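Asks: what's the 3D shape of this:
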Amino acid sequence: MIAGMDVGGDLRAIEERGYVVIEQLLGPEALGRLRDAVQPYLAADLLGRNNFEGYHTQRVYALVAKDAACTDLVVHPRILAICDALLDPNYLLTASQAINIHPGETAQSLHFDDGFYRIPRPRPAVSISTIWAIDDFTAENGATQIIAGSHRFGDAEVGSVFGDIDFDTRAAAARVPADAPPPAHLSTQLQTVAMPAGSVIVFLGTLLHRGGANRSERARLAISNQYCQPWARQQENYTLAIAAERVRRMPERVQALLGYSIHPPFMGHVEGVHPRRLLERS
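Replies: Numbering: from 1, shown residues only. Got it, this is the predicted structure:
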């Protein structure tokens, strides 16, 4: 237990429901820093290339390296305390992105974040996901939707949700948002996670969820950091996405999360030596 943090309560909720919502974990100052950090990137054309990314959704990848505020968020102590309890030592950061859902976006395909690890369900999660509400999450503006308890579902209950996702890149003229309705046996179980700005939902990579449709008149901004077991391949290849010169200026804890670390006895080595040695070279 960390002083001032109900990590035990967080873990009990995750075990029971597959997720926990921690309200207003970030204050106005931290939210302001994050908004300022993301805004320059949202000025670019970053709309999705397939229906899963969202044709009316902007995504900023490798967000951990964009600004110190984003780097700090990755190592938030309460989030790391949860990961420490649920993942093996030396776990990694597997994804770090901003997600800005614009008006007119349709609901995302139902999915679970570690679905690309083709290990039969039910099983322990390979990853832990966080979605931080930088704006208020409401039923109208695309709040995350979840199926509580679905982390326990077997393959038969999950069905073909992952295989049915449209990951195909479309030409710009064909990028029209399309509904991705969940299977009938799951649709009635969807719950909307409404939460005020500064809150975070932390959930197992086996939990079924999706981004909701934005029927409001304003965009809805979130930040999602995901963590995975040290033996699992990361979604984002940070050793190529982030220049070594930039990584050198990051805290050692973040360097390790990016992959400049060893999972004993020698997983992740570079020609037989610790990858952090690469950062020591001039």
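
Asks: so what's Leu73 up against?
Replies: Contact partners of Leu73, counting by C-beta atoms under 8 Å, 6 or more residues apart in numbering, are 34, 132, 223, 225. For every residue, glycine as well, the C-beta is placed using N, CA and C.

Asks: would it be right to say that it lies in a helix?
Replies: Yes: counting by DSSP: H, G, I helix; E, B strand; the rest coil, Leu73 is found in a helix.

Asks: can you offset everything so residue one is 30?
Replies: All right, first residue 30 from here; so that's Leu102.

Asks: run a quick neighbour tally on Asp164.
Replies: Asp164 has 20 neighbours, counted by other C-beta atoms under 10 Å.

Asks: typed the wrong thing, it's Glu186
Replies: 16.

Asks: would you mind measuring from it to Pro151?
Replies: Remark: distance between Glu186 and Pro151 (C-beta to C-beta, to the nearest Å) = 9 Å.

Asks: hmm, back to that, now the contacts of Leu102 as a markdown table including distance to Asp96 and pLDDT?
Replies: Output for the contacts of Leu102, formatted as a markdown table (distance: C-beta to C-beta, whole Å; pLDDT from 0 to 100):
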| residue | distance to Asp96 | pLDDT |
| --- | --- | --- |
| Leu63 | 8 | 98 |
| Trp161 | 14 | 98 |
| Ile252 | 11 | 98 |
| Asn254 | 14 | 98 |
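
Asks: by neighbours, which of those wins?
Replies: Counting by other C-beta under 10 Å, top hit in the contacts of Leu102: Trp161 with 28 neighbours.

Asks: I'd say it and Pro225 touch.
Replies: No: with contact defined as C-beta atoms under 8 Å, Trp161 does not count as touching Pro225 (11.6 Å).

Asks: hmm, back to that, show me the contacts of Leu102 that map onto helices.
Replies: Leu63 (DSSP state H).

Asks: Leu307 and Gly288, how far apart?
Replies: Applying C-beta to C-beta, the value for Leu307 to Gly288 is 11 Å.

Asks: which of these two has more neighbours?
Replies: Gly288 (19 against 15).

Asks: now the more buried one. Its backbone dihedrals?
Replies: Gly288 adopts backbone torsions of phi 120, psi 0, taken as degrees, to the nearest 10.

Asks: I figured it hits Glu265, correct?
Replies: No: taking contacts as C-beta under 8 Å, Gly288 lies outside contact range of Glu265: 9.8 Å.

Asks: outside of stretch 162-169, which residues touch it?
Replies: In contact with stretch 162-169 (C-beta under 8 Å, 6+ apart) are residues 60, 63-64, 67, 127, 170, 172-173, 221-229, 241, 243-245, 247-252.

Asks: can I get that stretch as CSV, trimmed to CA atoms?
Replies: C-alpha atoms of stretch 162-169 as CSV (Å, rounded to 0.1, in the frame of the first residue of the first chain):
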residue,chain,number,x,y,z
ALA,A,162,-9.9,11.8,-19.4
ILE,A,163,-8.4,15.1,-20.5
ASP,A,164,-11.9,16.3,-21.2
ASP,A,165,-15.0,15.2,-19.4
PHE,A,166,-16.2,11.8,-20.7
THR,A,167,-20.0,11.8,-21.3
ALA,A,168,-22.4,9.5,-23.1
GLU,A,169,-22.7,12.1,-25.8
